[in-house]
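In: 3D, please:
(one chain, ligands or ions: 2)
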Amino acid sequence: MVRMIMHGCNGKMGQVITEICRKDSEIEIVAGVDPYTGVENAYPVFSSIEECEVEADVVVDFAAAGAVDSLLDYCVKRRLPVVLCTTGLNEAQLAQVEETGRQVAVLKSANMSLGVNTLMDLLKSAAKVLATAGFDIEIVEKHHNQKVDAPSGTALALADSINEALDQAYEYKYDRTQERKKRDKKEIGIQAVRGGSIVGEHEVIFAGMDEVIEMKHTAYSKSIFGKGAVEAAKFLAGKPAGRYDMKDVIAAGK
Ligand SMILES: NC(=O)c1ccc[n+]([C@@H]2O[C@H](COP(=O)([O-])OP(=O)(O)OC[C@H]3O[C@@H](n4cnc5c(N)ncnc54)[C@H](O)[C@@H]3O)[C@@H](O)[C@H]2O)c1
Ligand SMILES: O=C(O)C1=N[C@H](C(=O)O)CCC1
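Out: Numbering: from 1, shown residues only. Ligands and ions are numbered 1, 2, ... in the order given. Have a look, this model is predicted:
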């Protein structure tokens, strides 16, 4: 049985994962952390990570970017593997993630779904052919009106995946309103739409002369992220220090 701490337990994803774990005999949430108190849980909840002294094998995090620094410090101090799913981290935090990965097991992924992680691989081969043929690359992402970060972590991860296949030669363009000039060939445009209850849509557009290829992932429920996070937690518990991602979980057949 894997013992898990749910960081951000009273949020939307925290509650989706609480329900998934309730029905899974291989994993148990032994404690939660959340400053918001308006939710009843079957496990003890602490208002900050430092207060939690419950024995555990892994932490799963879906909280807020501002909470990630203290979470990483805690995981190093307690030698706890961490599945990091919160998006919108700044450069200093991304550096701290790398440093933490030298001391404990860290699995960071902007999207825990099988579909998006498969799309990342498909994009690499498509980009190599299409960018060489002069196709322009644009990404449009759509999310619900409660999302605070933009563009989504997934849109950035998709762009990174494409850029890796193209020898890191592309710049990301988030805003075209401040200049009057044609798009550069070596750029990936990234646009964010926010509205209603859209769970998550990511569309990658390869636009060439007289033809367009669109590769799109649509999330119809948050449970796809929750299932991926729970499988990642089972995978990561007991792993040595290092940086892991969802491809490792998928490859392990989880
Ligand atoms: N990687 C993925 O697959 C994936 C999928 C969905 C959401 N996310 C990301 O996960 C994060 C949370 O998403 P959500 O929809 O559940 O948001 P949410 O706002 O519904 O929930 C976040 C919860 O974190 C809590 N929180 C705030 N500060 C905290 C702290 N210091 N310690 C512990 N908890 C704290 C909030 O009170 C809230 O209950 C976002 O960054 C989102 O982009 C990632
Ligand atoms: O609902 C969110 O917030 C999501 N955030 C992740 C992102 O920023 O990519 C994954 C999709 C849902």
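
In: could you use CA atoms for every contact and neighbour count after this?
Out: Noted.

In: now the element after the helix or strand hosting Phe206, going C-ward?
Out: For Phe206, the element it lies in under DSSP states H and E is strand 200-208. Going down the chain from strand 200-208, the next helix or strand is strand 211-219, by DSSP H and E.

In: returning to what we had before: let me know whether the strand holding Phe206 sits next to ligand 2.
Out: Yes - Strand 200-208 comes into contact with ligand 2 (CA under 6 Å from any ligand atom), by way of Gly200.

In: check what pLDDT the residue sitting furthest away from the middle of the chain gets.
Out: Within the chain, the residue lying farthest from the chain centre (CA atoms, centre = their mean) is Asp210, at 34.5 Å. Asp210 carries a pLDDT value of 98.

In: how near is it to Val140?
Out: Counting by CA to CA, to the nearest Å, the separation of Asp210 from Val140 is 20 Å.

In: show me the shaky parts of this structure.
Out: 254 (pLDDT under 70).

In: okay, and the beta partners of the nearest residue to Glu214 once chain neighbours are set aside?
Out: For Glu214, ignoring the flanking residues on the chain, the nearest one in space by CA to CA, 6 or more residues apart in numbering is Ile205 at 4.6 Å. On the basis of DSSP bridges, Ile205 is bridged to Glu138, Glu214.

In: hang on, Ile205 packs against Gln191?
Out: No - using CA atoms under 8 Å, Ile205 is not in contact with Gln191; the gap is 11.5 Å.

In: what do the two both touch?
Out: Shared contacts of Ile205 and Gln191 (CA atoms under 8 Å, 6 or more residues apart in numbering): Ile139.

In: now the strands for the stretch 101-250 of the chain?
Out: 105-108, 136-143, 171-173, 187-194, 200-208, 211-219, 242-244 (DSSP state E, counting those that start in this stretch).

In: just name the most buried of these.
Out: Burial of those is given as mean neighbour count (mean count of other CA atoms under 10 Å); strand 105-108 ranks first at a mean of 26.

In: that strand pairs with which strands, and in what direction?
Out: In the sheet, strand 105-108 lines up with strand 82-84 (parallel), strand 242-244 (parallel) (DSSP bridges).

In: so which of the ones you listed is nearest ligand 2?
Out: With CA to the nearest ligand atom, the closest approach to ligand 2 among the strands paired with strand 105-108 belongs to strand 82-84: 11.4 Å.

In: sorry, back to before: need phi/psi at the residue farthest from the centre of the chain.
Out: When read as degrees, to the nearest 10, the backbone of Asp210 gives phi 70, psi 10.

In: Tyr220 and Val199 touch, don't they?
Out: Yes - using CA under 8 Å, Tyr220 makes contact with Val199 at a distance of 6.2 Å.

In: the two: who's more crowded?
Out: The neighbour count for Tyr220 versus Val199, taken as other CA atoms under 10 Å, is higher for Val199 (16 against 11).

In: wait, doesn't Tyr244 sit right on Thr100?
Out: No - counting by CA under 8 Å, Thr100 is not a contact partner of Tyr244; they are 11.9 Å apart.

In: any common contacting residues for those two?
Out: Joint contacts of Tyr244 and Thr100 (CA under 8 Å, 6+ apart) are Val106.

In: how near is Cys85 to Ala64?
Out: Look at Cys85 and Ala64: by CA to CA, they are 10 Å apart.

In: when these two are compared, which one has more neighbours?
Out: Cys85 (22 against 17).

In: contacting residues for that one?
Out: Neighbouring residues of Cys85 by CA under 8 Å, 6+ apart: 60-62, 108-112, 229.
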